[in-house]
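1. task: produce atomic coordinates for the following.
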Amino acid sequence: MTDKLVEIPLDRSLSKALAQPVAAGNTRFHWLGQAGFIIETSTFRMVIDPYLSDTLAEKYRGTARPHERMMPAPIAPADLAPVDLVLCTHHHTDHMDPGTLIPLMAANPHASLVAPRASLSTVRERSGLPDGRLCLMNAGETLTIDGITMTATRAAHETLETDDAGNHRFLGYLIDTGNVRIWHSGDSIPFEGLAADIAALKPDLALLPVNGRRAELSNNGVPGNFTLDEAIGVATEIGCTAMVAHHYGLFAFNTEDPDRIDAASERTASLRVVRARAAIALEWRKG
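-> Coordinates of the predicted model:
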């Protein structure tokens, strides 16, 4: 268990919370819902997998899975600034959303967008950005921007998939801010070699989806993720001291019970498990 990860109750809007500076040497996290996070230091702010629109509700309205939000977006994309870097783990709309990326990147004209190389045509279409603002990655590649180092890792959104050139369609990212090494797995299930790949990168903190998977969804184009128990097992095996459980609470047909996450947190002694919540910020503190 780690005492470096501190929960900070938020008594103000996310916009106002983002105006509060981060102390040098610390790293702060805000959950945006689903797999989305803001990760910031005293000098750098990145956003990963933001879904802040109703693109999917509009697309699937009137269908068996209407994708209506269970929680409101905590901030409008155009109000999320300043941002230095945006990362997308894969091409699914709740991770690479045109309704979010276009206004977000317009509000941050100096920000770059990191995405899987296998998704080049999709990221061009959904961001509207020129290629000069795109940073394309494949698993195993490393990128450093303003002292923040990112290493792309493999992810299996039920399957490991590559394009004809061998570029992985689903990625995670190991993000080294200088005081904490964070692994955002992207959407994934356990697969052979995953734990060894990630353990070698020595993460301190894992941000993992916990909504699991069901055959009736998988068979209808909605692949799943780690179950809660699988996520705890992976985070423990790779040597993390803390895990943040996310990818729940946005779409009713594909979520996890928050009480189950909290109960798992209570009974897990060797790993600190924190449920992502919009009502708190998390801060990894130096020392």
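
2. could I get the pLDDT score of Ser270?
-> For Ser270, the pLDDT comes out at 88.

3. my read is it is in a strand, agree?
-> No - using DSSP: H, G, I helix; E, B strand; the rest coil, the assignment for Ser270 is coil, not a strand.

4. how much space between it and Thr241?
-> As for Ser270, its distance to Thr241 is 9 Å (criterion: C-beta to C-beta, to the nearest Å). (Each C-beta comes from the backbone N, C-alpha and C, glycine too.)

5. quick one: which of these two has more around it?
-> In this comparison of Ser270 against Thr241, neighbours counted by other C-beta atoms under 10 Å, the higher total goes to Thr241 at 18 against 9.

6. surely the more buried one is in contact with Leu205?
-> Yes - here Thr241 reaches Leu205: they are 7.4 Å apart, a contact under C-beta atoms under 8 Å.

7. kindly list the main-chain dihedrals of Arg267?
-> phi -100, psi 0 (degrees, to the nearest 10).

8. please renumber so the chain begins at 12
-> Fine by me, first position is 12 from now on; the one you just mentioned is Arg278.

9. how many neighbours does it have?
-> Arg278: 8 surrounding residues under other C-beta under 10 Å.

10. for the protein, which spans come out with low pLDDT?
-> For the chain, the stretches with pLDDT under 70 are 12-14.

11. show me where it has helices.
-> With DSSP state H, the ranges of helices along the chain come out as 25-28, 66-71, 109-118, 131-138, 205-210, 226-229, 239-248, 269-278.

12. could these go into TSV alongside distance to His179?
-> Listed next are the helices of the chain as TSV, based on distance: least, C-beta to C-beta, whole Å:
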stretch	distance to His179
helix 25-28	32
helix 66-71	24
helix 109-118	20
helix 131-138	13
helix 205-210	12
helix 226-229	19
helix 239-248	18
helix 269-278	28
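
13. of all those helices, which one is nearest Thr173?
-> helix 131-138 (13.7 Å; C-beta to C-beta).

14. wait, which of the helices of the chain is closest to Leu91?
-> The closest of the helices of the chain to Leu91 is helix 109-118. By C-beta to C-beta, the value is 5.8 Å.

15. and the residue of the chain positioned farthest from its centre, how close does it get to Val245?
-> For the chain, the largest distance from the centre (C-alpha atoms, centre = their mean) belongs to Gly73, which lies 28.3 Å off. Using C-beta to C-beta, one gets 37 Å for the distance from Gly73 to Val245.

16. ditto for Thr173
-> From Thr173 to Val245 the distance is 22 Å (C-beta to C-beta).

17. the two: which has the busier surroundings?
-> Neighbour count, other C-beta under 10 Å: between Thr173 and Val245, Val245 has more, with 23 against 15.

18. contact partners of stretch 147-158?
-> Contacting residues not belonging to stretch 147-158 are listed as 54-55, 95-96, 123, 125-129, 131, 134, 146, 160-165, 177-179, 182, 189 [C-beta atoms under 8 Å, 6 or more residues apart in numbering].
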